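Enquirer: model this:
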Amino acid sequence: MHFTLEDLLQVTLAPAPAPLMELVLATAMLQHQGIDPVFSRWQQRTLRSFPRAARPLLELVPPTGKGPLFLDPISRGLDDGLDQVRSSPTAFVCAELQRVCAAGRPHTPWKVHLAEQDHGAWQLLQDAVRAGYNGLLAPVWGRITSGFDAEQAWRAQILARQGIRAMLAGLSSGIRWRGAVLEIDSPENREIHLAGRGITLLPSASWAGRPLIGDYPHRPALLVYRAVTPLTLLEEPTTNDPVAALLGRTRAAILALLTRQRTTTEVARDLRISKSSASEHAKALRHAGLIVSQREGQAVWHTCTPLGLVLVSRNSATEAADLAR
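Expert: Below you'll find the model as predicted:
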């Protein structure tokens, strides 16, 4: 992957987990032979309960995870993602369906109808996506989001302490720099020239394979890599929370939320408290040196300081140790 100076200035972390991308990668993992042991029990259990209405996805998504690019846009929610899928240009849809079929997915009448923009074929795809998300991801989406936030906070610390080169090279084994070229071990011989488009980094809790590159026309490339903590090891929050004992439940919850930058309004909405209450708690955390705040127009954005991140990460380590006992 060839970087220019402009590309290095446009390396960004995805702001949130992407529902459709996680669904595509989970569907791919269901088909893996010789799956990573950490996913084997999940695979067996999920195959038995995989919704029948979601099975058309198996025609589109191979075990490699390299399904059609129009199927897994980066979106904040399922409905937003489906809107993006449905508005994909016809030429892009046709090209991606041809690529997937050439790589070994079955060439079926349904795919022909998708390429022809048949309403019934697209409704079947939409129903499959909803069924797959509701069956595979909706019950664990809170855990995925919490794991994502912790992962992004950790990557941001590496970026701040060691720089962009170390952060990118450390995303996965088999990644290294050769000058301004980022090399990724892969069975494919492929070169990507970012040419000023930049790249977005997206960790996935549902994926255990090699890093994947989405090379979208006229948009930043996407690098998807396996998260440090996979879905099968993401635990439900424990009630034994030393940070909550120190700060109080609400302030501990706000601190955990602010591993990713949020506004006062978003904090209030996510914790179902009033905006004035969220503002007062944020003020107390700011005075303690655990968060910083910045006003942009009418919005006030908050995020953890390094001290706040250490407190959150140590709390997570304590919970993991308690669970291991």
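
Enquirer: Now residue 64. Nearest residue, chain neighbours left out?
Expert: Computed as Cβ to Cβ, 6 or more residues apart in numbering, the closest residue to residue 64 that is not its neighbour in sequence is residue 28, at 6.7 Å. Placement of C-beta: from N, CA and C, glycine included.

Enquirer: Same check on residue 258?
Expert: Once flanking residues are discounted, residue 258 sits nearest to residue 304: 4.9 Å by Cβ to Cβ, 6+ apart.

Enquirer: Would you mind finding the longest helix in the chain?
Expert: In the chain, with assignment by DSSP state H, the single longest helix is helix 141-162.

Enquirer: Okay, buried residues for the following helix or strand past that one please.
Expert: Proceeding N to C from helix 141-162, the next assigned helix or strand is helix 164-169, under DSSP states H and E. Within helix 164-169, the residues scored as buried using 16 or more other Cβ atoms under 10 Å are 167-168.

Enquirer: counting contacts, what elements does helix 164-169 pack onto?
Expert: Here helix 164-169 touches helix 141-162, strand 175-178, going by 3 or more Cβ pairs under 8 Å, 6 or more residues apart in numbering; DSSP states H and E.

Enquirer: Save the ones you listed as TSV, and put in mean pLDDT too.
Expert: Formatted as TSV, the helices and strands packed on helix 164-169 follow (pLDDT from 0 to 100):
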stretch	mean pLDDT
helix 141-162	83
strand 175-178	95
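
Enquirer: okay, the ones you listed, which one's buried deepest?
Expert: helix 141-162 (a mean of 17; mean count of other Cβ atoms under 10 Å).

Enquirer: Identify all contacting residues around it.
Expert: Residues outside helix 141-162 that contact it (Cβ atoms under 8 Å, 6 or more residues apart in numbering) are 13-14, 16-17, 19, 22, 137, 166-167, 170, 201, 203, 205-206, 227-229, 231, 234-237, 256-257, 259-260, 304, 306, 309, 312-313, 316.

Enquirer: In contact with the residue nearest to residue 258, which residues?
Expert: With Cβ under 8 Å, 6+ apart, residue 304 has these contacts: 153, 255, 258-259, 290-291, 312.

Enquirer: again, only this time at 6 Å
Expert: 258-259, 291 (Cβ atoms under 6 Å, 6 or more residues apart in numbering).
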